[in-house]
Structure formats: structure tokens, C-alpha cells
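> fold the stuff below for me.
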Amino acid sequence: MKMIVTDLDRTLLRHDKTISQYSIDVFRRLQQQGVKIAIATARPKRFTDQYIQAINPDAAVLHNGAVIYANGKHHRSFSIPNAGAVDTLQTIVKQHPEMRISVEIEETSYANFQISDPDWASTHTDFTDLPKKPVDKMLFSADDIASVKATQSVLSENFNAVLGEGWLLMAMSKHACKYLGVKEVASHFGILPADVVAFGDDTNDIEMLKNCGVGVAVDNAVDEAKAAAKFICGSYEDDGVARWLEAKM
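So this is what the prediction gives:
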């Protein structure tokens, strides 16, 4: 066990989006033993910084692998070229005008709808006026799951499109996924994927649960994630990740 990587929401974070002091202490003890700690999340950096400050991980895989940090510094990005993203967005808007879409570019969100969460400040757009910069992630949702799945089929050839809980479709570069991000940071530290323990709960965690040396799904994970894991630990409300790790120390 040379590196540990954990998802955040519904894996390490409790229902109130906090990390217990107990979990923080377990991670610190592991780091003192020379084990590298990484987080792998769909979140952007601006919504991850508070957890980075609390855990002080050696690496952070953000936007489902599109943006990678190591030793507190930007290490690498696997973004979508601007032209390809804009063309795709305009096609989907024409085919599914009901689709709620947001785009992440350099820590700024651009959306064609009003986001209700006040913390998720966004710039309204019809996607014809986006900055001419690479896109880290695109998000799609609708009240009709058939529309979301139809959009997923449109994206499948050129993007890594993952359907998560709540009918939320996340699309990244086809070179970006959590597992590839984990491989990248593991290689940076001279660690093989076989020596990585990964924790997760959702469909975007499946590849790292399957392909890391040990995959552990929390008890509240979706069935597909549980099937991909070698072990099941306690739920996110019961500090399942930290308790599993402490038992192995």
C-alpha cells in the first residue's frame, strides 16, 4: 500500500460535506509512514480547496481526471479542444433544447440555465460566446432520462461521457478519467497502479476500483461500483474509508 486515492462526495465526505477529524488523523498517520495520499473527484479545484487544506494530499485528480495536481502544483491537464467542444455543444442544443448544460473552463462555470446553488456562480451563455480556451468538463442534465442517454450516445465516440447519479452526464476528453489520472500521479511518485488502494462509490470510480491494486467501494456505493471492487467498507456516514485503512495499518 504505497498510495491511497479516494473519491470525495459520498465516499470520504459525510452527508454534510465535511471530513471527520478521525479521517484526517488516519490520513496524517499514513503519510507519516510514507504512504502517498491522493483525492480523485469530479469537482473543480475551487470546490475542492477546503478539503485539500484539511487533508494536505500529495496529489489531486480533479474534473474526473481532466486536471491533475501533484505536490500542490498543476501537473497536467487533459482538456477538450475549444472548437470541438463548441461544435458539440451547439449540436446538442439544437437536438435537445431542453438540456441543462454547463461547461467548466479554467475554474469558471458557463451555463445555459440559472444554477440554484449560490456557491456555484456561473456565467450565462448560449455557447456561442465561450472563451476560446480548452474545456475541462461539460455537464448535461434534463428531466427526461431518455434525452440524457441520447446525448451520451452522441458524445460516446469523441469524449469520455459518464452518467452518474441524478441523471447527470459528465463529459471530458477521451483521455481523461479518474483511473488515468491516478496512473499519472502514481507514475510521478514512482508507484505502480498495483500498489494503489482506491476508494469510490459511483460509476465514474469504476475504472480505478477495477484497475488499481485494491479497489474498495463504500457500503452506500452503486451496485456497479460494488461489483468492480475487491472489498466493501463502511458507508460515508460512518468514516468507512478511514476505518478500513486503520484496520490495515
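
> count the neighbours of Tyr69 for me.
The tally of other residues near Tyr69 (other Cβ atoms under 10 Å) stands at 22. All C-beta spots, glycine's among them, are computed from the backbone N, C-alpha and C.

> make that Ala242, sorry
There are 24 residues near Ala242, going by other Cβ under 10 Å.

> I'd assumed it was in a helix, is it?
Yes: counting by DSSP: H, G, I helix; E, B strand; the rest coil, Ala242 is located in a helix.

> so what's it up against?
Ser20, Tyr22, Ser23, Val26, Phe27 (Cβ atoms under 8 Å, 6 or more residues apart in numbering).

> ok, Ser235 - contacts?
Contacts of Ser235 (Cβ under 8 Å, 6+ apart): Val218, Asp219, Asn220.

> typo on my end, Tyr179
Gly65, Glu207, Met208, Lys210, Asn211, Cys212.

> now do Asp238
Applying Cβ under 8 Å, 6+ apart, we find Asp238 in contact with Asp219.

> pLDDT at Ser156, what is it?
Each residue has a pLDDT score; the one for Ser156 is 73.

> and the buried ones among the contacts of Ser235, selectable in ChimeraX?
In ChimeraX, this line selects whichever of these come out buried by 16 or more other Cβ atoms under 10 Å:
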select :218,220
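
> restricted to strands, list the contacts of Ser235.
Counting by DSSP state E, the contacts of Ser235 place Val218 in strands.

> can you put the contacts of Ser235 in a markdown table and add pLDDT and distance to Gln50?
A markdown table is the format used below for the contacts of Ser235 (pLDDT from 0 to 100; distance: Cβ to Cβ, whole Å):
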| residue | pLDDT | distance to Gln50 |
| --- | --- | --- |
| Val218 | 98 | 21 |
| Asp219 | 98 | 25 |
| Asn220 | 97 | 22 |
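
> still on that earlier bit, okay, the contacts of Tyr179 in a markdown table with pLDDT, distance to Glu107 and neighbour count next?
Listed next are the contacts of Tyr179 as a markdown table, based on pLDDT from 0 to 100; distance: Cβ to Cβ, whole Å; neighbours: other Cβ atoms under 10 Å:
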| residue | pLDDT | distance to Glu107 | neighbour count |
| --- | --- | --- | --- |
| Gly65 | 97 | 16 | 30 |
| Glu207 | 97 | 25 | 22 |
| Met208 | 98 | 24 | 28 |
| Lys210 | 98 | 30 | 15 |
| Asn211 | 98 | 29 | 17 |
| Cys212 | 98 | 28 | 28 |
